[in-house]
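Q: Below is the structure, and that's it, no one-letter string:
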């Protein structure tokens, strides 16, 4: 059983179905009704330093390319050699590439150091001098110091991606989808082992439960009698009127990486600007820990608009037609919790991906499926162990 019908839960359900398991997915709302529906759809390797998260991102980048050709059936193998980076799929997969830009020579030096480590980990990072930026992005500000081009960065429409993963699982005849049912209790046995969940529609029995509830992952964990320190980190996205393709890549400033890895609870903004197939330009990204408060922050929006027009001066004359907010599921060490929780036998977690959940969804689903079927995971899973926070508290 998977609790959560966002992109992480959908990926877990899809890969578990592909492994031969029957899966029930339960969500209190619609498909992609939480963080997934408020996401930009970033599939990034460019913002991750060498380590476990980058390994997860590289695997996911390959899996997203495979899924973009059409999710394979259980008996159908797909190879990377058959993949086409120009694919237009049902969930708007676009391997547009990322461009990280620096305003000063000092920032450019930091980008070179960061990219050098990424290259050793298998990331393609191409230095672009100041004079070469216009060839990639003609509307960029002319006074930037340079940047790095990351061809592996891509984008999907996240709600469509979640829906199509669930549809693929349903097409295999292995999925039961229960929407509009809030989990109010986790059913457990005498030794704390999970036995299912309770919803207003009745009990649903299952020997294993995957917690894919995103920013609400800590709440579900507590229903099972364990603590997982997931906190919501609010973010806003500005959406412009439809435009010709003013922005070709996913473009962001070098300070975005520092914001991603920061543990600050205060408001942080760093421009991430990208065009979409439908025409509107999406402008993020802001971060702040204010609980589940959805109140509009004019200060955050002002900062985003100013930073975006600093990168693309032409956007100053463009209308912003709407904005939306979402909650990133934040964990203190910036790594997701993926795998079984020994404190509650039968409970597995797949949450805490913060702003990278859409990009990391396929690899997360593949890891969970491997654990559910006692197969060797494609990556080391120890860095993502859910109990790591309890162990640190005990020794700290």
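A: Received it, and whenever you're ready, just let me know what you need. All values derive from a computational prediction rather than experimental measurement.

Q: where are the low-confidence patches of the stretch 201-350 of the chain?
A: By pLDDT under 70, the low-scoring segments of the stretch 201-350 of the chain are 258-263.

Q: now do the stretch 1-150 of the chain
A: The low-confidence ranges in the stretch 1-150 of the chain, as defined by pLDDT under 70, are 70-89.

Q: Do you have the strands of it handy? List them.
A: 2-3, 23-27, 42-43, 98-102, 126-129, 146-150 (DSSP state E, counting those that start in this stretch).

Q: what do you get for the stretch 251-396 of the chain?
A: 268-275, 281-287, 320-330, 337-340, 347-351.

Q: now the ones you listed as TSV including mean neighbour count and distance to residue 218?
A: C-betas here are computed from N, CA, C, even on glycine. Shown next, in TSV, are the strands of the stretch 251-396 of the chain (neighbours: other C-beta atoms under 10 Å; distance: least, C-beta to C-beta, whole Å):
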stretch	mean neighbour count	distance to residue 218
strand 268-275	24	22
strand 281-287	25	18
strand 320-330	18	9
strand 337-340	24	10
strand 347-351	28	8
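
Q: Among the strands of the stretch 1-150 of the chain, which comes closest to residue 315?
A: Of all the strands of the stretch 1-150 of the chain, strand 98-102 sits nearest to residue 315, with 14.7 Å by C-beta to C-beta.

Q: For that closest one, give me every contacting residue.
A: Applying C-beta atoms under 8 Å, 6 or more residues apart in numbering, the contact partners of strand 98-102 are 44, 46-47, 108, 110-111, 128, 133, 136-137, 140, 144-150, 153, 249-254, 256-257, 311.

Q: Same question for stretch 115-133.
A: Under C-beta under 8 Å, 6+ apart, the answer for stretch 115-133 is 45-46, 48-50, 54-55, 58, 99, 101, 112, 136, 140, 144-152.

Q: Could you give me the buried positions within it?
A: 115, 118, 123-125, 128, 130, 133 (16 or more other C-beta atoms under 10 Å).

Q: Tell me which two in the residues you listed are the farthest apart.
A: 123 and 130 (22.3 Å).

Q: Could you report the neighbour count for the residue nearest to residue 174 when sequence neighbours are not counted?
A: In this structure, residue 174 finds its nearest non-sequential neighbour in residue 17, 3.9 Å apart by C-beta to C-beta, 6 or more residues apart in numbering. Applying other C-beta atoms under 10 Å, we find 25 residues neighbouring residue 17.

Q: For residue 17, give me its contacts.
A: 23, 168-169, 172, 174-175.

Q: can you redo the strands of the stretch 251-396 of the chain as CSV with distance to residue 38?
A: Putting those into CSV (distance: least, C-beta to C-beta, whole Å) gives the following:
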stretch, distance to residue 38
strand 268-275, 14
strand 281-287, 10
strand 320-330, 3
strand 337-340, 21
strand 347-351, 16
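
Q: Among those strands, single out whichever gets nearest to residue 370.
A: Going by C-beta to C-beta, the one of those nearest residue 370 is strand 337-340, 9.8 Å.

Q: Distance from the chain centre to stretch 279-291, please.
A: Distance of stretch 279-291 from its chain centroid, counting by C-alpha atoms, centre = their mean, to the nearest Å, is 14 Å.

Q: I meant to write stretch 113-127 there.
A: Worked out by C-alpha atoms, centre = their mean, stretch 113-127 lies 21 Å from the chain centre.

Q: Show the end-to-end separation of it, please.
A: Stretch 113-127 has its terminal residues 11 Å apart, counting by C-alpha to C-alpha, to the nearest Å.

Q: again, but for stretch 348-360
A: The first-to-last residue distance of stretch 348-360 comes to 17 Å (C-alpha to C-alpha).

Q: Next: stretch 221-229.
A: Stretch 221-229 has an end-to-end distance of 9 Å (criterion: C-alpha to C-alpha).

Q: now swap in stretch 337-355 and tell me
A: Distance between the boundary residues of stretch 337-355 (C-alpha to C-alpha) amounts to 14 Å.

Q: go on, stretch 199-214?
A: Stretch 199-214: ends 19 Å apart by C-alpha to C-alpha.

Q: and what of stretch 292-300?
A: End-to-end span of stretch 292-300 (C-alpha to C-alpha): 16 Å.

Q: which residues are contacting it?
A: Counting by C-beta under 8 Å, 6+ apart, 215, 232, 234, 236, 267, 269, 286, 288, 323, 325, 327 sit against stretch 292-300.
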